[in-house]
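In: sharing a model prediction with you, sequence too.
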Amino acid sequence: MRDFVGIERLTDAVKSSLLDFSYYLTLGKLDDAYRVVKEINSPSIWENMAQMCVKSKRLDVAEVCLGNMGHARGAAAVREAKKDGNVDVAIGVLAIQLGLIEDAANLFRDASRFDMLNALYQASGRWQRAISVAESKDRVHLKTTHYNYAKYLESIGRIDDAIEHYQLSNNARHEVPRMLFHLGRVEELGEYAVQTEDSVLLKWWASYMESIGRFENAKKYYGKAKDHLSLVRIACFQGDLSRAAEIVADTNDRASAYHFARQLEHQGEYQEAINFFAISGCFNHSIRLARQFGLDAELMRYAMKSTQALMVECAQHFESKGEYDKAMQLYHKGGDTSRALELCFRIGEEPSNAHTNLAFDMLNTIAQELGANSSPQLLARCGDFLVQHQQFEKAVDLYVMAKRYNAAIEMCAVNRVSINETLADKLTPSDAMDPSERKEILKDLAKALKKQGSFALASKKYTQAGDRVRAIKCLVRSGDTKAVIQFATISRHPEIYTLAANYLQQMNWRGSMEIMKAIITFYTKAKSFLQLAGFYDSCAQVEIDEYRDYDKAIGALNEALKYLLKDDSRTARDMASFLEKRILLISKFVEAKASRRDPGKMVAICEALLQDPMVEDAIRAGDCYALLIEHSYSTGNYQDAYQYMKEMKERNIQVQPYVDREILEAVQKAVGVSSSKATANESKGDDEVVYSSRKQQEENSNYDIDEEIADEINEDIEEDEASGRFGNNHSSQYRRK
């Protein structure tokens, strides 16, 4: 058998050693296996055993065999292949070292290492197999395989096949011209370049034609390759400048325009050179020539199209010549905004300057383009300039962007700029600002709004600043009753409850149950028992003055007394004592009205009440007299009735509002007094009512509440002015011109 070639020449002892060696290897006893064969020195035997290891895939035994063979290169290759971690790959490398190509190919195929299989086929000259593997399994190396095959075909002289595979490897652009030129097949190279229509090859061939002086052919191939620069270069070399200009005009190629412009400059055609430099996009050369020869119109036109650095450089040139309008535009467009503004400020401070209007327009343009990322100092300076020219709204925007809220608010206050809701929102700092600083700015804004009479907006800003007390005061001044109720309900602050209830007492609470309930609720939540008692006292007086309902009045006064008893102050105790006396007097009057069936008791109670000095604080004396007059009339005692009327007049109490006209006329007729004369003596008409001193006291109380709130608002404004925040002592830059 092939695996045992050479064993017939061995002694029996060697044969026995080989059998033992195989036995020990099978058992995995490598030391014993090596010990029994270490005396064998026949390379052919070891080679045959190594080949057997390829069949059995015993890599460990194969390494021993290679060592005994002295095959250092093979051992190194196998050791390197083992790093891959795949036994089939390592065995495949061993097979290659032993010349077993087919075995190696099968092993690589089993291991799915088609890259190594491809390389094996290339190394063994099996190119078609290599290409087939690359096309189906190893496409990442397909172009490399075609390239290596093309190099091989070139080496054996198969030029046409080599060209084909160079093309398949995408290296024809460089390798084919090299190969054909090296072989001296120049004409064939030209034909190949034309056939492929590859612009790179055509340019290379055209440059070769140009190098040997065949300019017509060169221009032909440059044209096919669309190399306009080379066409212009040849036209300029031949002195055909008109043809060069036509090519530039037709193609608008920037490189061609630049080359042609350089030629024109060299020949002194500077105007044309400037234009062609501009076509090429090289505005720096156009600007250089325009400045050199004083062509300011072209300089300005091309400077506006150039880079920012060139714009600034041209702006400096125009500034030095006193052409400030052009300088400002170029500084602005060149990004040197600070320098443009400096120029605007300098010109704006010279009223006689012819460019003043232009400077102001430019400043407006710059101001509109400035953003929050601009320098705060720059923004503030623009704002100051706009203030000087009474452009207050634009100035406010700049101050806000510069985070100079206080300056913006002060400017609005000093120059009486109306702060509407939009402007107020602009002047409101963002939440990202330091809370304490933001709070102070909001308070300043609210004070400015309050000074302008925008109480609703002022209230909103005070609320944002966390000063709810001042916010409710401003809402009160705004007169928005619904907002006052809603704000007080949300705030849940005793002082705010009290202020809101005080304000609501001035409203028509008699005709609105909602307002009346709100007043009672707010005073109760604020624990303002004195004010709540006063309100119930007002309710009682309304029942007496408008409806003569003394029963309900007693109920209201009892409610007032109930809340006064919850207050431990001396004022509350005094007021409670006073209310108790009033309740007593009213109760007596109610008792008198209820005693109509007992005339003597009723008359006694009424006359006693009229003698009491506190009667006017409790009831209307007119109601008491009316009760007596009606009783005297019903009993036919007209003289007593008339006597009561005279007492009413002595107390300055009109009779008509309390006594029916029929009773009045009957009494006057019975005592012999003319009704027309008596009517003439009346100072008021029948529809007027003289309220008691208590009613006047209520009105005075309401007036005092209104005055108290107004005084607090005015005191806040006066404090602001006294502190110099919005007073007259301000920088002149904020004053109205």
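Out: Done, it's in.

In: check the offset of the particular helix or strand that has residue 445 in it from the chain's centre.
Out: Assigned by DSSP states H and E, residue 445 belongs to helix 435-452. Distance of helix 435-452 from the chain centroid (Cα atoms, centre = their mean, to the nearest Å) equals 24 Å.

In: and that helix, what does it pack onto?
Out: helix 405-414, helix 455-464, helix 468-478, helix 693-722 (3 or more Cβ pairs under 8 Å, 6 or more residues apart in numbering; DSSP states H and E). C-beta: built from backbone N, CA, C; applies to glycine.

In: quick one: buried residues of that helix?
Out: 438-439, 441-452 (16 or more other Cβ atoms under 10 Å).

In: switch those over to a markdown table; also include distance to residue 611 and pLDDT.
Out: Shown next, in a markdown table, are the buried residues of helix 435-452 (distance: Cβ to Cβ, whole Å; pLDDT from 0 to 100):
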| residue | distance to residue 611 | pLDDT |
| --- | --- | --- |
| 438 | 68 | 82 |
| 439 | 63 | 84 |
| 441 | 66 | 84 |
| 442 | 62 | 81 |
| 443 | 59 | 83 |
| 444 | 63 | 84 |
| 445 | 63 | 81 |
| 446 | 58 | 81 |
| 447 | 57 | 83 |
| 448 | 61 | 82 |
| 449 | 58 | 80 |
| 450 | 54 | 79 |
| 451 | 56 | 84 |
| 452 | 58 | 78 |
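
In: just give me the closest of those residues to residue 672.
Out: residue 450 (67.4 Å; Cβ to Cβ).

In: how near is the closest one to residue 314?
Out: 53 Å (Cβ to Cβ, to the nearest Å).

In: which one of the buried residues of helix 435-452 is nearest residue 204?
Out: Closest approach between those and residue 204, by Cβ to Cβ: residue 438, at 71.8 Å.

In: next, the contact list for residue 421, please.
Out: Counting by Cβ atoms under 8 Å, 6 or more residues apart in numbering, residue 421 touches residue 457.

In: phi and psi next, for the residue positioned nearest the centre of the chain.
Out: Per Cα atoms, centre = their mean, the C-alpha nearest to the average position across the chain is that of residue 430, at 11.3 Å. With angles defined as degrees, to the nearest 10, residue 430 sits at phi -80, psi 160.

In: okay, it: pLDDT?
Out: Residue 430 is assigned 79 on the pLDDT scale.

In: could you do residue 144 as well?
Out: 90.

In: from residue 283, how far off is the residue lying closest to residue 334 once chain neighbours are set aside?
Out: Excluding the flanking residues, the one nearest residue 334 by Cβ to Cβ, 6 or more residues apart in numbering is residue 311, at 3.2 Å. Per Cβ to Cβ, residue 311 is found 10 Å from residue 283.

In: any shared contact partners between these two?
Out: With Cβ under 8 Å, 6+ apart as the test, residue 311 and residue 283 both reach residue 303.

In: got the end-to-end distance for stretch 164-182?
Out: 18 Å (Cα to Cα, to the nearest Å).

In: show me how far that stretch is from its chain's centre.
Out: That offset, for stretch 164-182, works out to 59 Å (Cα atoms, centre = their mean).

In: what comes up buried for that stretch?
Out: For stretch 164-182, by 16+ other Cβ under 10 Å, it's 164-169, 171-173, 175-177, 179-180.

In: right, and the helix or strand after the stretch of helix or strand residue 579 belongs to?
Out: Residue 579 is part of helix 570-594 when elements are defined by DSSP H and E. Next helix or strand after helix 570-594 toward the C-terminus (DSSP H and E): helix 599-611.

In: for that next one, packing partners?
Out: Secondary-structure packing of helix 599-611 (3+ Cβ pairs under 8 Å, 6+ apart): helix 570-594, helix 621-634.

In: now, of the ones you listed, which is deepest in the fold?
Out: With neighbours defined as mean count of other Cβ atoms under 10 Å, the helices and strands packed on helix 599-611 peak in mean count at helix 621-634, which reaches a mean of 21.

In: same for that one, what does it pack against?
Out: Where contact means 3+ Cβ pairs under 8 Å, 6+ apart, helix 621-634 is packed against helix 570-594, helix 599-611, helix 638-650, helix 661-671.

In: will you turn the ones you listed into a markdown table that also has distance to residue 63 and mean pLDDT?
Out: Output for the helices and strands packed on helix 621-634, formatted as a markdown table (distance: least, Cβ to Cβ, whole Å; pLDDT from 0 to 100):
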| stretch | distance to residue 63 | mean pLDDT |
| --- | --- | --- |
| helix 570-594 | 114 | 86 |
| helix 599-611 | 137 | 86 |
| helix 638-650 | 143 | 87 |
| helix 661-671 | 143 | 86 |
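
In: just send those helices back as JSON lines, with distance to residue 19 too.
Out: Below are the helices and strands packed on helix 621-634 laid out as JSON lines (distance: least, Cβ to Cβ, whole Å):
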{"stretch": "helix 570-594", "distance to residue 19": "128"}
{"stretch": "helix 599-611", "distance to residue 19": "151"}
{"stretch": "helix 638-650", "distance to residue 19": "157"}
{"stretch": "helix 661-671", "distance to residue 19": "157"}
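
In: which one of the ones you listed lies nearest to residue 203?
Out: Per Cβ to Cβ, nearest to residue 203 of the helices and strands packed on helix 621-634: helix 570-594, 109.2 Å.

In: quick one: that closest one to chain centroid distance?
Out: 67 Å.
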